[in-house]
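Chemist: here is my input; please provide its structure:
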Amino acid sequence: MKSPRPDRPIKRGPPPKFKSSRFTNALLGWELLRVSRRTAALAVGRFAFGACLLGVLWLIWSAGFANETVIEGDNTAIAKKLQKFAETFSLTFFIVQLTLALLLTPIFVAGAVFEERDTRSGEVLLTTDLSRREIFYGKFLARVVQVMMVVAAGMPILALTLLWGGVAIEFILIGYLATFLCIFSSGAIAASVAGGSETLREAVLKTYAYILVFDVLIFPASPFFVIPMASGAQPMGIACGLVFLPVQLIVTFVSLAHGLRWLRLAMLRQRRRVTAELAERMARRKPPVAEENPLLWKERYVVGGATETTTSTVGMASVGVVLAVMMLVFVAAGIFPAGWIGAYVVPVAMLAAGASIGLGASGGVARERQRNTLIDLFMLPGGRRDILVAKLLGAVWTGRWLLLATIGLLVAAPFGGTPVVALPLLFVAAAVYLTFGATLGIWLSVRSRSALTAHASWMGFVAMSLIGTYLLADAMALNVKRDNGAPIKEFPEWSRAANPVMAWQELAMSPDDAADGSYGNRKWRILPIVPDSPPRLQYPLCGVAVYCVASALLWWLALRRFEREGRED
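Modeler: Residues are numbered from 1 along each chain as shown. All right, here's what the predicted structure looks like:
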């Protein structure tokens with residue numbers, strides 16, 4: 001038997017084709033595995049979400065049956081009463097769940113892009129055999145699934161309504177369909193916007209602006225309109241879905257196509273193409289570094305840069321024009337009550353400014369830690385307190401346009417009927433509440449390992465505290481009658497101390513609603529000096545004092561924790 005010649009070349013077949021995974025996307029499988037390994041953060045998020053919804057169930061039950069030890073009546077009447085409770089809870093359940101999902105989804109999805117950019121792993125990811133589509137959908141779908149896993153924690157809470165007869169299956173299907181579609185659309189918007197944003201904070205705020213337009217202002221396509229309509233009458237909800245479904249699908253597909261097109265530049269530190277305009281802006285000299293505070297100079301001119309300033313200016317001008325036109329229409333229709341600027345418009349602007357400043361502060365130290373540049377800051381002359389002060393002032397600087405809009409609305413509040421004597425209290429309360437949001441962000445930034453975790457924690461805490469305190473106050477509210485017999489809801493006094501929005505209504509010293517319940521015939525007093533009736537300011541002022549003490553405590557805790565950064569064994 002002849003042996004093969006050793007110099008004869010061995011024929012080899014074509015190399016086996018690479019199979020990404022059983023999901024046909026290797027990155028998606030890895031991202032799902034990596035996200036699921038973060039058991040602590042995911043478990044805490046799901047527990048907090050489920051506890052919040054369970055608290056809503058208890059609050060609605062307390063509001064409806066707290067004063068009844070025995071429910072009397074025949075079986076049909078009792079069944080109808082319990083059925084009404086189940087429907088009320090289900091509606092509140094879906095509204096709260098949808099609100100939290102819309103607030104948290106942009107942070108998770110946009111954070112996935114900035115995580116790759118800050119750690120420079122996105123540049124390495126682009127050099128692999130993975131296609132652009134696999135990278136984009138791997139990152140996007142993994143974060144969407146992560147949010148859906150948190151939302152799924154509320155399903156056992158909704159199943160408790162079976163104890164009281166349950167609700168229509170059509171309403172449950174419409175509620176979850178609307179929630180999941182909004183998660184996909186808001187996540188797609190965040191993935192698209194993240195490619196053209198300088199910072200995670202800017203991407204999240206831009207996404208919130210788009211969500212406000214597509215999910216709130218376009219009212220027939222708003223999930224906050226579709227879900228209540230489906231609760232009252234399922235055919236009406238299905239009819240509203242004929243507008244809601246196409247709008248959400250169009251927004252999702254357009255956003256995904258735009259994000260996929262600009263994925264390569266989104267993953268790089270230098271993302272933008274160097275056009276003539278950009279080259280001129282990059283060549284423009286920046287102010288000299290201030291010798292007394294170089295850290296603040298860095299926060300003003302390096303973090304974010306001129307692009308975010310221009311975007312904020314254009315955005316504020318656009319929002320201001322739209323709000324001005326809407327206000328003129330409403331004023332002409334005579335549907336606004338007296339003091340509407342100070343009591344209703346200013347809190348909205350203050351919440352926007354607080355979100356901008358709070359998200360900027362929560363990403364300050366965490367972003368430096370994620371980029372491995374925190375050790376460089378420690379080598380600069382000065383103490384660590386100077387670093388935190390610079391991060392805090394830098395967050396205020398990036399949110400200065402919304403802050404200036406809030407101040408301008410406060411100055412204009414007396415022209416809408418707010419007493420002049422209320423302005424000092426409103427300025428002090430606004431400063432305290434915004435300071436609390438900033439110090440909370442600084443503390444979370446010091447405690448968190450990444451900017452994504454800090455942003456999600458800040459937004460989740462603020463949203464759940466505002467919603468939770470309001471629902472608790474609504475459950476404990478009493479229905480009283482006016483002199484003309486019209487019913488009015490009287491909230492407990494402690495709600496003015498715990499909830500900043502409810503405290504603001506009292507600090508604004510707005511006059512009571514008209515006795516006949518209509519606002520069109522009300523005569524406003526321009527620049528009133530004092531309110532018509534003595535306001536009850538004890539609890540709102542106590543709440544301001546509590547938030548002031550909490551701000552000082554959070555700053556002390558953040559400074560104490562930051563002093564131990566890198567020095568622990």
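Chemist: and the helices in the stretch 451-569 of the chain?
Modeler: Here the stretch 451-569 of the chain has its helices, by DSSP state H, counting those that start in this stretch, at 451-475, 495-498, 500-507, 538-563.
Chemist: just send these back as CSV, with mean neighbour count, distance to residue 92 and mean pLDDT too.
Modeler: Where C-beta positions appear, they are placed from N, C-alpha and C, glycine not excepted. Formatted as CSV, the helices of the stretch 451-569 of the chain follow (neighbours: other Cβ atoms under 10 Å; distance: least, Cβ to Cβ, whole Å; pLDDT from 0 to 100):
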stretch, mean neighbour count, distance to residue 92, mean pLDDT
helix 451-475, 21, 8, 84
helix 495-498, 22, 17, 87
helix 500-507, 22, 18, 87
helix 538-563, 17, 25, 92
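Chemist: of these, which is nearest residue 197?
Modeler: Closest to residue 197 of the helices of the stretch 451-569 of the chain is helix 451-475 (Cβ to Cβ; 12.8 Å).
Chemist: the closest one packs against which elements?
Modeler: Judged by 3 or more Cβ pairs under 8 Å, 6 or more residues apart in numbering; DSSP states H and E, helix 451-475 is in contact with helix 39-65, helix 75-118, helix 200-212, helix 346-362, helix 364-370, helix 422-447, helix 495-498, helix 500-507.
Chemist: the ones you listed: lowest mean pLDDT?
Modeler: Of all the helices and strands packed on helix 451-475, the minimum mean pLDDT falls on helix 39-65 (a mean of 64).
Chemist: hmm, back to that, format the helices of the stretch 451-569 of the chain as JSON lines; extra columns: distance to residue 138.
Modeler: Below are the helices of the stretch 451-569 of the chain laid out as JSON lines (distance: least, Cβ to Cβ, whole Å):
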{"stretch": "helix 451-475", "distance to residue 138": "17"}
{"stretch": "helix 495-498", "distance to residue 138": "43"}
{"stretch": "helix 500-507", "distance to residue 138": "40"}
{"stretch": "helix 538-563", "distance to residue 138": "35"}
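Chemist: looking at those, which is nearest to residue 102?
Modeler: Taking the helices of the stretch 451-569 of the chain one by one with Cβ to Cβ, helix 451-475 is closest: 9.8 Å.
Chemist: quick one, the closest one and helix 500-507 angle?
Modeler: Put simply, helix 451-475 runs at 50 degrees to helix 500-507, going by axes from the mean of the first three to the mean of the last three Cα atoms, to 10 degrees.
Chemist: what's the angle from helix 451-475 to helix 75-118?
Modeler: Using the same axes, to 10 degrees: helix 451-475 against helix 75-118 is 160 degrees.
Chemist: list the residues that contact residue 103.
Modeler: Applying Cβ atoms under 8 Å, 6 or more residues apart in numbering to residue 103 gives the contacts 208, 459-460, 463.
Chemist: oh, I was asking about residue 451
Modeler: Residue 451 touches 111, 114, 118, 200, 362-363, 366-367, 370, 445, counting by Cβ under 8 Å, 6+ apart.
Chemist: what would the helices and strands packed on helix 451-475 look like in CSV with distance to residue 397?
Modeler: Below are the helices and strands packed on helix 451-475 laid out as CSV (distance: least, Cβ to Cβ, whole Å):
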stretch, distance to residue 397
helix 39-65, 30
helix 75-118, 20
helix 200-212, 12
helix 346-362, 8
helix 364-370, 12
helix 422-447, 11
helix 495-498, 30
helix 500-507, 23
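Chemist: with respect to residue 388, which of those helices lies nearest?
Modeler: Across the helices and strands packed on helix 451-475, closest to residue 388 is helix 422-447 (Cβ to Cβ), at 6.1 Å.
Chemist: got the buried residues for that closest one?
Modeler: 422-423, 425-426, 429-430, 432-447 (16 or more other Cβ atoms under 10 Å).
Chemist: look up how far residue 357 lies from the closest residue to residue 430 other than its chain neighbours.
Modeler: Spatial nearest neighbour of residue 430, chain neighbours left out: residue 350 (5.7 Å); criterion: Cβ to Cβ, 6 or more residues apart in numbering. Distance, residue 350 to residue 357, using Cβ to Cβ, to the nearest Å: 10 Å.
Chemist: cool, residue 92 as well?
Modeler: 30 Å.
Chemist: quick one, which of these two is more surrounded?
Modeler: Applying other Cβ atoms under 10 Å to residue 92 and residue 357 shows that residue 357 carries more neighbours, namely 26 against 19.
Chemist: for that one, give me its contacts.
Modeler: 395-396, 398-399, 403, 434, 437-438, 441.
Chemist: same check, this time on residue 100
Modeler: Residue 100 touches 49, 52, 460, 463-464, counting by Cβ under 8 Å, 6+ apart.
Chemist: could you redo the residues you listed as CSV and give each row distance to residue 346?
Modeler: Formatted as CSV, those follow (distance: Cβ to Cβ, whole Å):
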residue, distance to residue 346
49, 30
52, 27
460, 25
463, 20
464, 23
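Chemist: which one of the residues you listed is nearest residue 409?
Modeler: For the contacts of residue 100, the nearest to residue 409 is residue 463 (22.7 Å; Cβ to Cβ).
Chemist: what's near enough to touch that closest one?
Modeler: Counted by Cβ under 8 Å, 6+ apart, residue 463 has contacts 99-100, 103.
Chemist: what is the burial count for residue 564?
Modeler: Residue 564: 10 surrounding residues under other Cβ under 10 Å.
Chemist: what's the answer for residue 124, then?
Modeler: Residue 124, neighbours per other Cβ under 10 Å, totals 11.
Chemist: how about the helix or strand it falls within, which residues are buried there?
Modeler: Assigning secondary structure by DSSP states H and E places residue 124 in helix 121-125. By neighbour count on 16+ other Cβ under 10 Å, the buried set for helix 121-125 is residue 122.
Chemist: roughly how far does residue 360 sit from residue 182?
Modeler: 26 Å.
Chemist: how about residue 97, nearest residue that isn't a chain neighbour?
Modeler: residue 154 (5.6 Å).
Chemist: since we're on that neighbour, how many residues are nearby?
Modeler: 24.
Chemist: distance of it from residue 554?
Modeler: In terms of Cβ to Cβ, residue 154 sits 30 Å off from residue 554.
Chemist: which one is residue 367 nearest to, not counting chain neighbours?
Modeler: residue 451 (4.6 Å).
Chemist: and that neighbour, how far from residue 563?
Modeler: Taken as Cβ to Cβ, the span from residue 451 to residue 563 is 21 Å.
Chemist: strands along the stretch 151-300 of the chain, start to end?
Modeler: For the stretch 151-300 of the chain, applying DSSP state E, counting those that start in this stretch gives no strands.
Chemist: for it, give me the ranges with low pLDDT.
Modeler: 162-166, 232-241, 264-292 (pLDDT under 70).
Chemist: ok, back up a step: give me the more crowded residue out of residue 360 and residue 182.
Modeler: Neighbour totals were compared for residue 360 and residue 182, and residue 360 leads with 31 against 24 (other Cβ under 10 Å).
Chemist: if I pick the more buried one, what's in contact with it?
Modeler: 201, 394-396, 398-399, 441.
Chemist: one more time with 6 Å, if that's ok
Modeler: Residue 360 is in contact with 201, 395, 398, counting by Cβ atoms under 6 Å, 6 or more residues apart in numbering.
Chemist: give the bridge partners for residue 480, please.
Modeler: residue 488 (DSSP bridges).
Chemist: check the burial of it by counting its neighbours.
Modeler: Applying other Cβ under 10 Å, I find that residue 480 has 9 neighbouring residues.
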